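# Can you look at this prediction? I've put the sequence above it.
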Amino acid sequence: MSQEKVIKTLTNLGLSKLEARVYIYLAKRGPQKASDTAKALKLIKQQIYPTLKRLQSKGIVTSTLEHPARFSAVPFEKMLDLCMKAKMEEAQHIRRNKDELISDWESIKIREKRDATPRFTVIEGRNYIYSRIQQMIQETKNQLSIITTVPGLVRADQFGVIDTAFRHPLKSKIKFRFLTELSEQNTNAIKNLLKNSQTQTFHFEGRIPDLGQKLNNRIIIKDEDEAMFFIDAGEDLHLTEQEGTCLWTNSKTLVQAFTALFEDLWHNSTDIEEKIVEIETGKPTAKTYILTDVEISKKKFCETLKSAKDEIVLITPLEDFVELWKNTSSLKDCTRRGVSIKIMTPITVENLQTAKQLSESCDIRHLPESYLRTTLVDGLHLFQFKTPISDKEKETLQHFKNAFYTTDSEYVEKTKTMLNELWKNASVLSSVTLESILNPRTNGISPLHDEKRYSAYRKTTGYIKDQLGLITEKELLNKIGKRYIPSARDPLQDTTIMYGNGARALINPPEHLDLPKMIITVFHCNERSTFGTENWLIVQIPQETPKGEMYVAVTIMGDNPLATDWRKKIHKGTPLEQNLHLIKKDELQVRQHGNILFTGWTVPIPLYPTENYVPPSCMFFEGYRELGTGVVESKPSLGRMQKSEFYGFEAFVTFFHPSSKYSGPGTDGVIFRDMIVTSYPHSVQ
C-alpha cells in the first residue's frame, strides 16, 4: 500500500504512472541499464526510452558515463524538493505531507545504491531549470557564482530563486556573486534587488564587466563542482514554462573552465553599486565629463588623436575605423609620425580583406563583438562611445554624441591594463581561415554566398563539386521529413544516411596550451539516421603528406556502437582505424538552439600521432550571418561517395579550455542548422 501512495503522489506532481514506476525502480535499485529496467518492469523498448528521456528532461533521472548507459534517479528527498519548486501552487501541500511520504518511502524494501558518477545532462523547461538552480543553491557550502542578464535576475526572482538564497542556513558564510550588465533602463530593478539583500545577513556581491562588455553566456557555478550553461535566449521574460534549455554538468574539468571564465570577468569588473552611482550622476570620476555636442565631441576626439606621440589603442567596429580613416587626416598623420595604432575589432568574412589592407598601416586583432567602443591615446586620454551606430548615423558621425571622456589617472590606468590584457589574448589577423583550408583553390576572400568560395564539407582531398543554393530550405526540410534509410552492414554495398545538425571550427589555441591548430567538427544525428541517435566528433590537425601539409583526421569519437563499428570497416587498414573511439553516452553533448550551438566533452581527445590531447572542454558557436543552403559532393573515404545537403550560418566560436578562453574570428566557424549526409558506395553513383 505504501508504494501505491508514493505512485499516487508522483502522478499528482505531474509524472505519469509509468514514469513513477520507472523512477521508483531506479531510485531503489540504483544505476540500471535501460534494457534491464524494461525487463524488470515488463516494458517494451518503445516504452522505456521515451519515459527515461522525459524523466531526464525534468532533471530527476540522469545517465552515467558508460555504454550502454546506466540510468539513475536523484534521491527521493531531493526529487520531492525539485517537484515542489516546479509546482509552486502545490508546494504547501507537499511540505505538510513530506514526513509521511518519506516514511512510506523508507518502508519500500528494495536495496538502494547511490550513484556519484560524473555526467552531462540536458534540462528542459523553465520550471525544471529553476528548480534545479534552487537545489544547487540549497546544496551550496562555500560559493555560488552567476553570470546572467538583468532580465535573467528578474526571472530568477519571480521563480523564487533569490528567496531560496536568502533562506539558506549558511547564508552568512557563503559568497553569492553575480556578474550582469547594467544600463539606465534596468538600474531600478537592480537597486530593488540590492535593497532586499541588505536586509539580510547575506554576502551578496554584484559586479559589472568593464568596457561595457556584453555577457553572451549565462552560467551558474556551485562550489566549483557543478555548473549550468544556458543555451537559449535569455532576454525574453514571456517564455512559457515549457520553454528553456540548459546543460548541467558535474565534470570537474568543465566546471574549472567555466570558473576560469568567471574569475577573469570578475577581476576586470566594477562594483555594481559604484556603477549605479556613475550612471545616475553621469560623472563616474573626477576630471570626467560627457561630450553631448556632436561637433565638439568630434573636434576633441580628432585633436586628441592628432596630439598622439606614442600609441593609440581602439576597440571599434572596423567600418567605423574605416570611416574615420577616410574622412579625417588625424590617423594618417599619426602613422606617418610613427605612432603605433592598435585596433581590436570583430573580424568577419565581410571585413577580412579590408582588415588585411589596413594591417599594412596598423596592428589589427580580432575581439568579440561585445565590448564598448573605446579609444586610449598615449595612456592619458580615454574616450568611450555609448550610442549604438545605425547606418544613418555612420554618415553623419552621430556616434560622437554623448561621448565619455576622462583624463583621471586611476580610471585611465585601470582601463589601460584591461586593454593590454585584451590585446594580449586577442586573435592575430591571419589569412589562414576555415575556408582557406577547406577550399585552397580560392584566391583572396569573397563573400560566403559566392559559389567559388564556399564548401564547408570539402576535404583537402577527394573534392568533387559543391554548389550553394542548389537546394532550397523547403526542399531540404521536406527531405528531412520524408527520407529513411534502413540499417547497413556492408560498406561496399550499402548506403547510409545521417539526419541532424552540427558545427565546424578552426581553433588556433594560445601558445601556452601547447596544442596544435585544429579543425573540430561535431555532429548530432537524430533517431531517423541509419544508426540511430549519436553525438560524434572529428578532429583534424596539420600533417605532412605526399601532397604537402594538410589537415588530416586524427581522431573520431562517437557514442553509438553501430556507427563506430561501421567507421572501422570504412577505414580498415588505415592509420585512422586505430583512432576511432566509442565513448559513453553523455561524454559528448551537441545541442543547438536557433543560431546558437553548444558542444562539450568530458573525456580527453587524443591527437595522434602526437602525444598531445585536448582535455575536457566546451565550444560555443554563435551564428552571425545566414549561410543559406548548399549541396556538397566529395569522396572522403576509399570506395565511398558522400553527398551533404545543409542549411546554416557563419559563426563566431568560443573555445572554453580549462586554462584558457579562446575566441575566434567570424571566419573560423560554421553552424549547420539542418543537414542530411548520404554516404554510398562509389558503384552506386
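Yep, it's here.
# which secondary element of the protein has the worst mean pLDDT?
Least confident helix or strand of the chain, by mean pLDDT, DSSP states H and E, is helix 391-396 with a mean of 42.
# Can you name the next helix or strand after it?
Downstream of helix 391-396, the first helix or strand assigned by DSSP states H and E is strand 403-406.
# helices and strands around that next one, which ones?
Identification of packing neighbours for strand 403-406 by 3 or more Cβ pairs under 8 Å, 6 or more residues apart in numbering; DSSP states H and E yields strand 288-291, helix 294-306, strand 381-385. No exception for glycine: its C-beta is placed from N, CA and C like everyone else's.
# Give me the pLDDT value at residue 682.
For residue 682, the model assigns a pLDDT of 60.
# switch to numbering from 11
Okay, residue one is now 11; in that scheme the one you just asked about reads as residue 692.
# Buried residues, stretch 178-186. List them.
Judged by neighbour count (16 or more other Cβ atoms under 10 Å), stretch 178-186 contains these buried residues: 178, 181, 184, 186.
# Look up how far residue 273 lies from the third one.
Summarising the geometry, the distance separating residue 184 from residue 273, computed by Cβ to Cβ, to the nearest Å, is 17 Å.
# So, low pLDDT: which residues of the stretch 411-560 of the chain?
Applying pLDDT under 70 to the stretch 411-560 of the chain picks out residues 448-483, 486-487, 490-496.
# where do the strands sit along it?
Remark: strands assigned in the stretch 411-560 of the chain by DSSP state E, counting those that start in this stretch are 413-416, 437-438, 473-478, 506-517, 528-535, 544-555, 558-568.
# Which among those strands is found nearest to residue 357?
Smallest distance to residue 357 across the strands of the stretch 411-560 of the chain (Cβ to Cβ): 7.5 Å, for strand 437-438.
# Return the distance of the closest one from the chain's centre.
Counting by Cα atoms, centre = their mean, to the nearest Å, strand 437-438 is centred 20 Å from the centre of its parent chain.
# Would you mind saying which of the strands of the stretch 411-560 of the chain lies nearest residue 54?
Of all the strands of the stretch 411-560 of the chain, strand 544-555 sits nearest to residue 54, with 22.4 Å by Cβ to Cβ.
# list the buried ones in that closest one?
By 16+ other Cβ under 10 Å, the buried positions in strand 544-555 come out as 544, 545, 546, 547, 548, 549, 550, 551, 552.
# Domain-wise, how is the protein divided?
Following automatic domain parsing, the chain resolves into domains at 11-123, 128-291, 292-436, 444-495+511-694.
# Work out the gap between the second one and the centre of the chain.
It stands for domain 128-291. Offset of domain 128-291 from its chain centre (Cα atoms, centre = their mean): 16 Å.
# can you check the last one too?
In terms of Cα atoms, centre = their mean, the gap separating the centre of domain 444-495+511-694 from the centre of its chain is 17 Å.
# cool, and the third one?
The offset between the C-alpha centroid of domain 292-436 and the centroid of the whole chain comes to 29 Å, using Cα atoms, centre = their mean.
# confidence score at residue 72?
85.
# Ok, residue 630 next?
93.
# I'd guess it is in a strand, am I close?
Yes - under DSSP: H, G, I helix; E, B strand; the rest coil, residue 630 sits within a strand.
# which residue sits closest to it, ignoring its sequence neighbours?
Once flanking residues are discounted, residue 630 sits nearest to residue 664: 4.4 Å by Cβ to Cβ, 6 or more residues apart in numbering.
# Quick check: the one you found touching residue 673?
Yes - with contact defined as Cβ atoms under 8 Å, residue 664 and residue 673 form a contacting pair (5.0 Å).
# Need the overlap of contacts for these two.
Counting by Cβ atoms under 8 Å, 6 or more residues apart in numbering, the residues touching both residue 664 and residue 673 are residue 378.
# Shouldn't residue 95 be within a helix?
Yes - assessed by three-state DSSP, residue 95 belongs to a helix.
# Quick one: neighbours of the closest residue to it other than its chain neighbours, just the number.
Closest residue to residue 95 apart from its sequence neighbours, by Cβ to Cβ, 6+ apart: residue 141 at 3.6 Å. Residues contacting residue 141 under the criterion other Cβ atoms under 10 Å number 26.
# who touches residue 518 in this structure?
Residues in contact with residue 518 (Cβ under 8 Å, 6+ apart) are 437, 440, 442, 527, 672, 674, 678.
# which SSE is residue 384 in?
Residue 384 belongs to strand 383-387, assigned by DSSP H and E.
# dump the residue contacts of the residue nearest to residue 630.
By Cβ under 8 Å, 6+ apart, the contact list for residue 664 reads 226, 227, 378, 629, 630, 632, 671, 672, 673, 674.
# Apply 7 Å and report the result again.
629, 630, 671, 673 (Cβ atoms under 7 Å, 6 or more residues apart in numbering).
# closest to residue 645 among these?
residue 629 (27.9 Å).
# That closest one reaches residue 514, doesn't it?
No - assessed by Cβ atoms under 7 Å, residue 629 is found out of contact with residue 514, at 10.3 Å.
# if we can go back for a sec, next, format the strands of the stretch 411-560 of the chain as JSON lines and append distance to residue 338.
Formatted as JSON lines, those follow (distance: least, Cβ to Cβ, whole Å):
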{"stretch": "strand 413-416", "distance to residue 338": "15"}
{"stretch": "strand 437-438", "distance to residue 338": "27"}
{"stretch": "strand 473-478", "distance to residue 338": "39"}
{"stretch": "strand 506-517", "distance to residue 338": "35"}
{"stretch": "strand 528-535", "distance to residue 338": "41"}
{"stretch": "strand 544-555", "distance to residue 338": "42"}
{"stretch": "strand 558-568", "distance to residue 338": "43"}
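# between those strands, which gets nearest to residue 12?
In terms of Cβ to Cβ, the element of the strands of the stretch 411-560 of the chain nearest to residue 12 is strand 544-555, at 40.4 Å.
# which residues does residue 365 contact?
Contact analysis of residue 365 by Cβ under 7 Å, 6+ apart lists 328, 357, 374, 439.
# cutoff 8 Å now
With contact taken as Cβ under 8 Å, 6+ apart, residue 365 is in contact with 328, 355, 357, 374, 439.
# what does residue 439 give?
Each residue near residue 439 by Cβ under 8 Å, 6+ apart is listed here: 357, 365, 366, 369, 374, 375, 376.
# Quick check: the fifth one vs residue 256, distance?
So the one you mean is residue 374. 36 Å.
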